[in-house]
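> Quick one, structure for this:
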Amino acid sequence: MSNKAQEKVEQRLEHIKTVAKQAGVKLTHQRLEIFRELAATTAHPDADTLFRSVQHRVPTVSVDTVYRTLWMLHDLGLVTTLGPERDGIRFDANLDPHHHYVCVRCGLVADFESAALDALHVPDAVKQLGSIADAHIEVRGVCTSCQAARADDPSSTRPHDFKEQP
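Numbers count the residues shown, from 1 in each chain. Next comes the predicted model:
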């Protein structure tokens, strides 16, 4: 990880800790490890993936603690959710303006930035539905790794075979 990326992770972690503490949230060892894991990843993990990652360092953490911590962070505005609910909600600690590329084959989620997309006007028809808290673009396709794998295995035709990311 580059120094700049490490600094960004530390900034995210400090921001999470500061806001949580100001909200009266007790900063337990388990919560801090969940915060740390979430701030350090760009994989947009779902709660179960995050649980397995944290469990390596904190064997006593429960999946329930991870879920409750993620929803607490969501309620505090410290993470956003993305992706279809049927496949498990994924969490993102990067609150800077950005968009997502989602591979419909393997489930890879990657951030990308675009000033042009940031400047898109939300149509009045959407505003008539209610207030708008946030808008971002989720681009879906087949990632280069899956395209290469598919070229090697032409019998693979199901585009929605999601697999868990390491």
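
> Dump the longest helix anywhere in the chain to CSV, restricted to CA.
In the chain, with assignment by DSSP state H, the single longest helix is helix 3-22. The C-alpha trace of helix 3-22 is given here as CSV (Å, rounded to 0.1, in the frame of the first residue of the first chain):
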residue,chain,number,x,y,z
ASN,A,3,2.0,6.1,1.7
LYS,A,4,-0.8,8.2,0.3
ALA,A,5,-3.2,5.2,0.4
GLN,A,6,-2.1,4.4,4.0
GLU,A,7,-2.7,8.0,5.0
LYS,A,8,-6.2,7.9,3.5
VAL,A,9,-6.9,4.7,5.5
GLU,A,10,-5.7,6.4,8.7
GLN,A,11,-7.8,9.5,8.0
ARG,A,12,-10.9,7.3,7.5
LEU,A,13,-10.2,5.4,10.7
GLU,A,14,-9.7,8.5,12.7
HIS,A,15,-12.8,10.1,11.3
ILE,A,16,-14.9,6.9,12.1
LYS,A,17,-13.5,6.9,15.7
THR,A,18,-14.1,10.6,16.2
VAL,A,19,-17.7,10.6,15.0
ALA,A,20,-18.5,7.4,16.9
LYS,A,21,-17.0,8.7,20.1
GLN,A,22,-18.9,12.0,19.7
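
> Enumerate the positions of the helix or strand following it that are buried.
Proceeding N to C from helix 3-22, the next assigned helix or strand is helix 29-40, under DSSP states H and E. Within helix 29-40, the residues that count as buried by 16 or more other C-beta atoms under 10 Å are 30-40. Bear in mind the C-beta positions are built from the backbone N, C-alpha and C, glycine included.
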